[in-house]
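Participant: Just need the structure, nothing else, for what follows:
(one chain, ligands or ions: 2)
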Amino acid sequence: MVEETRLSTKDFIFPLFVIDGINQKEEVASMPGIFRHSTDLLLKEVEECLNLGINAFDIFPAYPESKKDKMATESHNPDTFYLQAIHKVKTTFPEACIMTDVAMDPYSSDGHDGIVEDGKILNDETLEVLGKMSVAQAQAGADIIGPSDMMDGRVGHLRKALDNAGHTEVSIMSYTAKYASAFYNPFRDALDSAPKAGDKKTYQMDPANLHEALIEAELDEAEGADFLMIKPALAYLDVIRLLKENSNLPIAAYNVSGEYSMIKAAHEKGWLDGERAMLESLLSIKRAGANIILSYFAKEYAKLRK
Ligand SMILES: NCC(=O)CCC(=O)O
Ligand SMILES: [Mg+2]
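Facilitator: Ligands and ions are numbered 1, 2, ... in the order given. Predicted coordinates for the structure are as follows:
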């Protein structure tokens, strides 16, 4: 009765990885228990999760090097397997909430979220590509698009692009405060999307900065974001709390791959109780103020609750 914070399966968005092909299921080496599925098996995974009470999914594609180029052209090719997978999932399970990822890195031969020229990221030119990508994802059936690129002005640009294409009901979950973090490495293994040169510090946030997140939040709200997200979660609980107290938008937190894998690794070594560590860290994210948690633990949590 006096417990102040309670987790529920409904709090979660489960990130899923999709690959091209049929009957393919590969475990991500640095993320025990997390798989890359071809679309046919992804449908089974979504069905299993829906039966466990998970309603929302964030789907990411892993592309082979041969499909990548400087302009991320594959990202808005209507025949590409990712867009077809989104369409298939949404038409098979219309009740599922489907979120997609907007950034160039899975399709970029530079492994960056934007267009690279002479070692620099071209912010405004990148917005054009992100606009095409968003409209293609909305067309495929996305309910929420998740711009994870951190270019300036992209929320407003994408809102306009979606509206102009008739997708007024597609929401934007902005990666408002996405920090240049060491905790993303397993995810980059899952997607083979690590930067080929340089790092992401010119567009992602400095882990030293808290109040800069408020500037990002004000801009995103003004530009039309429907949700604000903080990423990573565990090393940034203060940022979650600050945005929760300063915005009336729903607050999401991304419990990222490294946060998942370090608990899994310590559990495998017998150094801590993985289940208790999972529950405690998820609870801390909600206690800090997140309404929504994107987590690779979502399915494990849902099974436990069941
Ligand atoms: N745009 C999504 C991510 O970058 C996820 C990172 C992670 O899970 O480590
Ligand atoms: Mg920004």
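Participant: Look up how far Arg276 lies from Gly270.
Facilitator: When distances are taken as CB to CB, to the nearest Å, Gly270 and Arg276 turn out to be 13 Å apart. C-beta coordinates here come from the backbone N, C-alpha and C atoms, glycine included.
Participant: Could you verify my assumption that Lys196 touches Ser109?
Facilitator: Yes. Shown here, Lys196 and Ser109 form a contact pair, counting by CB atoms under 8 Å, at 7.4 Å.
Participant: Find the residues that touch each one of those two.
Facilitator: Taking CB atoms under 8 Å, 6 or more residues apart in numbering as the contact definition, Lys196 and Ser109 share no neighbouring residue.
Participant: higher neighbour count, these two?
Facilitator: Neighbours were tallied for Lys196 and for Ser109 using other CB atoms under 10 Å; the higher tally belongs to Ser109 (16 against 11).
Participant: Tell me the residues on the chain that lie near ligand 1, please.
Facilitator: If contact is defined as CB under 6 Å from any ligand atom, the residues of the chain in contact with ligand 1 are Asp101, Ser148, Tyr184, Phe187, Val256, Ser257, Gly258.
Participant: Considering those, which possesses the most neighbours?
Facilitator: Neighbour counts for those were taken using other CB under 10 Å; the highest belongs to Val256, with 26 neighbours.
Participant: for that one, what are its contacts?
Facilitator: Val256 touches Ser181, Phe183, Tyr184, Phe187, Lys231, Pro232, Ala233, counting by CB under 8 Å, 6+ apart.
Participant: Pick the one among those closest to Arg36.
Facilitator: Distance to Arg36, by CB to CB, is smallest for Phe187 among the contacts of Val256, at 11.6 Å.
Participant: Can you check what pLDDT the model gives that closest one?
Facilitator: Model confidence at Phe187, expressed as pLDDT, equals 93.
Participant: my guess is it is in a helix, correct?
Facilitator: Yes. Counting by DSSP: H, G, I helix; E, B strand; the rest coil, Phe187 falls inside a helix.
Participant: Once you drop chain neighbours, what's closest to it?
Facilitator: Ser257 (3.9 Å; CB to CB, 6 or more residues apart in numbering).
Participant: For the one you found, give me its contacts.
Facilitator: Residues in contact with Ser257, defined by CB under 8 Å, 6+ apart, are Ser30, Met31, Phe183, Tyr184, Asn185, Pro186, Phe187, Ala190, Tyr296.
Participant: Nearest residue to the third one in space, ignoring adjacent ones along the chain?
Facilitator: Think Phe183. Using CB to CB, 6+ apart, the nearest residue to Phe183 is Gly258, at 3.1 Å.
Participant: Report the secondary structure state of the one you found.
Facilitator: helix.
Participant: How much space separates it from Ile215?
Facilitator: Following CB to CB, the distance that separates Gly258 from Ile215 is 26 Å.
Participant: Check Asn77 too.
Facilitator: Taking CB to CB as the measure, Asn77 falls 35 Å from Ile215.
Participant: swap in Pro15?
Facilitator: As defined by CB to CB, Pro15 lies at a distance of 27 Å from Ile215.
Participant: between the two, who's got more neighbours?
Facilitator: Neighbours of Pro15 and Ile215, each counted by other CB under 10 Å, are more numerous for Pro15; the result is 24 against 12.
Participant: residue contacts, the closest residue in space to that one that isn't next to it in sequence?
Facilitator: Once its chain neighbours are removed from consideration, Pro15 has its nearest residue in Asp58; the separation is 4.6 Å (CB to CB, 6+ apart). Contact partners of Asp58, counting by CB under 8 Å, 6+ apart, are Ile13, Phe14, Pro15, Leu16, Met99, Thr100, Asp101, Gly146, Leu294.
Participant: and with 10 Å instead?
Facilitator: 13-16, 97-101, 144, 146, 148, 173, 252, 254, 294, 298 (CB atoms under 10 Å, 6 or more residues apart in numbering).
Participant: now Glu216
Facilitator: By CB under 10 Å, 6+ apart, Glu216 lies in contact with 150, 152, 155, 174-178, 205, 209, 225, 228, 230, 239, 243.
Participant: now Lys201
Facilitator: Tyr179, Ala180, Pro207.
Participant: Read off the pLDDT value for the residue of the stretch 1-150 of the chain found nearest ligand 1.
Facilitator: Of all residues in the stretch 1-150 of the chain, the one sitting closest to ligand 1 is Ser148 (3.4 Å; CB to the nearest ligand atom). Here the pLDDT value assigned to Ser148 is 95.
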